[in-house]
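Asks: give me the fold of what follows.
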Amino acid sequence: MSTNPTRVFIARLLGLDVFDPLGDRLGRLRDAVALERGGKAPQVVGIVVEVPGKKRVFVPMTRITSIDAGQIICTGLVNLRRFEQRGAEILMVAEMFDRRVTLADGTGDATIEDIAMEKSRNGDWFVSQLFVRRGYSSSPLRSLRRNETLIVDWKDARPGARTEPQAATAFVASHEDMKPADFADALHEMSDKRRIEIATELQDKRLADVLQELPDDDQVQILSALEIERAADVLEEMDPDDAADLLAELPEEQKEDLLQRMEPEEAEDVRRLMEYEEDTAGSMMTPVPVILPPEATVAEALAHVRREELSPALASAIFVCRPPLETPTGRYLGVVHIQQLLRFPPPEALGNIVDTDLEPVSDQADISEVARMLATYNLNALGVVNEDGRLVGAVTVDDVLDHLLPDDWRAQDDTDELMRKAGRNG
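Replies: Residues are numbered from 1 along each chain as shown. Below you'll find the predicted structure:
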C-alpha cells in the first residue's frame, strides 16, 4: 500500500466499490468501524461493505490492499456473515458524524461532518483529524463565528458523551442517493437512539419510503417516537396497504388518534383495508392503482404510468372501468398491460385493446389463490373486485411476497456459514 494515500477522509469513500484482486466487485463501502480507546484516538479496524442481497459484512483493515479516490481493493478473503456491532466498536459515519465536540482551544463547540483516518508506520489505521462545523463560539474574534468549518486534530477536540442527543444532518446528506431499502437496512443495524435520531431528520416522503422497508418492530418504534401530527403526515405518504399494516401493530387508542389526524381521503383508504381479514386480497391490495375509462387513449395511459410515484409493478397495468374511477369504481371492464400500450398508436382507445379474458380476483380471495393467479399468468399486478364487480384495488407481486415471506425476513441472514474465509480479526 506504499503508493496509496496514508490519510483519507471517510465521507469521500462512502459508496465506493470494493473489489477483490481479480477485479470482481464485492460490494460498496457504507461505513467504517473504529474501536474507542478511552481518550486516545480511535483505531479504525475495518469497513462495512454492502454486498449483493443488501447484506452488510465486515472487512478488516488488514485485508485492505489499496484505497484511492475511485475504488477500494481487498484480498478477497471476506467473512460473509452479516455485520454485527460489538462492544467498544463504533460506526464512524452512523454514530460519529454529527457528534458534538468541545474544542480544546476554548473557542466553543463544533459538530463533526467528516473524519480522517491515517495509517501509522506499523500498518494500523487511526482517526487523526476531524472536519467540523463550529457551533457556539466564545471567542470575540470575528473569524471564529458560527457555521465556520475547520479541520482539527483528534487530540484537540473532546467528543461529547455517546448518550447525549445527536443531530443527523451529515449522515442524511451523505446517504441521500441511497435506495430506501438500503437505507432501511442501515437503520435496522443501529442502536435504538441513533435509529430514531436519523429517522426524525428525514423528510416525510423519504421517511415513509424507508419505513415501508423496515421490520415491524422498527416501524412501530420510529412512528411512536414522532410527534403525533408528524406521524400522521408520514402515514399519509406511505402506500395505503403499508400504512394499514403498520397501524394494525399499534394500540387501538394510538391507531384511532392517528387516523383522526390524517387527511379524510387518505384515512378512508386505510380504514377500508383494515376491515379485511388478514391474508385476503383485500387486506394486501393497494386501493389506488392506475384506473382509466375505455375512452381514454394509449397516449393518456402512457402519461399516467410515467408518474414517478408509481412502483414498477403498479405501472405495469391499467385497469379499465366505467365511472366513477375512484375505488370502488363503476363496472370493471378489464386490464391493459403496458406492453400492449407500446404496440398500438397513441390515439387508440383503451376500450379497443382491453383484455377481458383475464379475470380479477375477489377481495375475499385467499393469498394462495392470488399467488397462483400471478404465477399462472406471469403478472406483476392483478385487479381486485368486490361482490358487485366493482374494482376496489390491485394486488402486486411484491405485496404477495411480503405476506408469504416470514415476518422477520428483512432481518434474516440466510448465508450462515457461507464465507470465503471466516474471522473478523483477520
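
Asks: how many neighbours does the nearest residue to residue 254 once chain neighbours are set aside have?
Replies: Nearest non-adjacent residue to residue 254, counting by CB to CB, 6 or more residues apart in numbering: residue 224, 7.4 Å away. Any C-beta I mention is one placed from the backbone N, CA and C, and that applies to glycine too. One way to gauge burial is a neighbour count; for residue 224, by other CB atoms under 10 Å, it gives 14.

Asks: check residue 118 too.
Replies: Neighbour number of residue 118 under other CB under 10 Å is 17.

Asks: would you map the helices across the stretch 101-250 of the chain?
Replies: When assigned using DSSP state H, counting those that start in this stretch, the helices of the stretch 101-250 of the chain occupy the ranges 169-174, 180-188, 192-201, 204-211, 216-225, 228-237, 240-247.

Asks: so which of the ones you listed gets nearest residue 21?
Replies: Nearest of these to residue 21, taken as CB to CB: helix 180-188 at 26.1 Å.

Asks: how far is that closest one from where the chain is centred?
Replies: Computed by CA atoms, centre = their mean, to the nearest Å, the separation of helix 180-188 from the middle of its chain amounts to 4 Å.

Asks: give me the distance between the residue positioned nearest the centre of the chain and residue 214.
Replies: Within the chain, the residue whose C-alpha comes closest to the C-alpha centroid is residue 180; the distance, by CA atoms, centre = their mean, is 2.4 Å. Between residue 180 and residue 214 the distance is 9 Å, computed by CB to CB, to the nearest Å.

Asks: same deal with residue 130?
Replies: Counting by CB to CB, the gap from residue 130 to residue 214 is 31 Å.

Asks: cool, and residue 343?
Replies: The span separating residue 343 from residue 214 equals 40 Å under the rule CB to CB.

Asks: swap in residue 391?
Replies: Separation of residue 391 from residue 214 (CB to CB): 30 Å.

Asks: quick check on those two: which one has the bigger neighbour count.
Replies: Summary of the neighbour comparison: residue 391 and residue 214, criterion other CB under 10 Å, with residue 391 having more neighbours (28 against 24).

Asks: dump stretch 231-244 to PDB, restricted to CA.
Replies: Only the C-alpha atoms of stretch 231-244 are listed here, as PDB (Å, rounded to 0.1, in the frame of the first residue of the first chain):
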ATOM      1  CA  ALA A 231     -46.600  10.700  12.400                       C
ATOM      2  CA  ALA A 232     -50.000  11.200  10.700                       C
ATOM      3  CA  ASP A 233     -48.200  13.100   7.900                       C
ATOM      4  CA  VAL A 234     -45.800  10.300   7.400                       C
ATOM      5  CA  LEU A 235     -48.600   7.700   7.300                       C
ATOM      6  CA  GLU A 236     -50.300   9.800   4.500                       C
ATOM      7  CA  GLU A 237     -47.100   9.500   2.500                       C
ATOM      8  CA  MET A 238     -47.000   5.700   2.800                       C
ATOM      9  CA  ASP A 239     -48.800   3.300   0.400                       C
ATOM     10  CA  PRO A 240     -52.200   2.700   2.000                       C
ATOM     11  CA  ASP A 241     -51.600  -1.100   2.400                       C
ATOM     12  CA  ASP A 242     -48.300  -0.500   4.200                       C
ATOM     13  CA  ALA A 243     -49.900   2.200   6.400                       C
ATOM     14  CA  ALA A 244     -52.700  -0.200   7.300                       C
END
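
Asks: show me how far that stretch is from its chain's centre.
Replies: 15 Å.

Asks: neighbouring contacts of it?
Replies: By CB atoms under 8 Å, 6 or more residues apart in numbering, the surrounding residues in contact with stretch 231-244 are 204-205, 207-209, 211-212, 223-224, 226, 246-247, 258, 261-263, 266, 269-270, 273-274, 283-288, 399.

Asks: and those residues, which are buried?
Replies: 204, 207-209, 211-212, 223, 226, 246-247, 258, 261-262, 266, 269-270, 273-274, 283-288, 399 (16 or more other CB atoms under 10 Å).

Asks: residue 174 reaches residue 14, doesn't it?
Replies: Yes - with the criterion set as CB atoms under 8 Å, residue 174 and residue 14 qualify as a contacting pair; they are 5.6 Å apart.

Asks: what touches both of those two?
Replies: Here residue 174 and residue 14 share the contacting residues residue 93, scored by CB under 8 Å, 6+ apart.

Asks: the host helix or strand of residue 265 - what's its average pLDDT?
Replies: Element membership for residue 265, per DSSP states H and E: helix 264-274. Helix 264-274 comes out with an average pLDDT of 95.

Asks: strands of the stretch 1-150 of the chain, start to end?
Replies: In the stretch 1-150 of the chain, strands defined by DSSP state E, counting those that start in this stretch lie at 7-9, 17-19, 25-37, 40-51, 55-60, 64-67, 71-74, 89-91, 100-103, 108-119, 125-137, 149-153, listed in chain order.

Asks: right, and those strands - which one's nearest residue 190?
Replies: When the strands of the stretch 1-150 of the chain are compared for distance to residue 190 using CB to CB, the nearest one is strand 89-91, at 7.4 Å.

Asks: where does the chain dip in pLDDT?
Replies: By pLDDT under 70, the weakly predicted segments of the chain are 1-4, 136-146, 407-426.

Asks: switch to 50 and redo it
Replies: Scanning the chain for pLDDT under 50 picks out 1-2, 137-144, 414-426.

Asks: for the residue lying closest to residue 197 once chain neighbours are set aside, what are phi and psi?
Replies: The shortest distance from residue 197 to any residue that is not its chain neighbour, by CB to CB, 6+ apart, is 5.1 Å, and that residue is residue 168. Summarising the backbone geometry of residue 168 under the convention degrees, to the nearest 10, its torsions are phi -140, psi 20.

Asks: quick one: residues contacting residue 168.
Replies: Under the criterion of CB under 8 Å, 6+ apart, the contact list for residue 168 reads 98, 197-198, 200-201.

Asks: if you set the cut-off to 6 Å instead, what comes out?
Replies: The contact partners of residue 168, by CB atoms under 6 Å, 6 or more residues apart in numbering, come to 98, 197-198, 201.

Asks: CSV for those residues, including distance to residue 323?
Replies: Shown next, in CSV, are those (distance: CB to CB, whole Å):
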residue, distance to residue 323
98, 52
197, 48
198, 45
201, 43
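
Asks: adding neighbour count, write the residues you listed out as JSON lines.
Replies: As requested, the contacts of residue 168 are arranged in JSON lines below (neighbours: other CB atoms under 10 Å):
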{"residue": "98", "neighbour count": "23"}
{"residue": "197", "neighbour count": "20"}
{"residue": "198", "neighbour count": "25"}
{"residue": "201", "neighbour count": "17"}
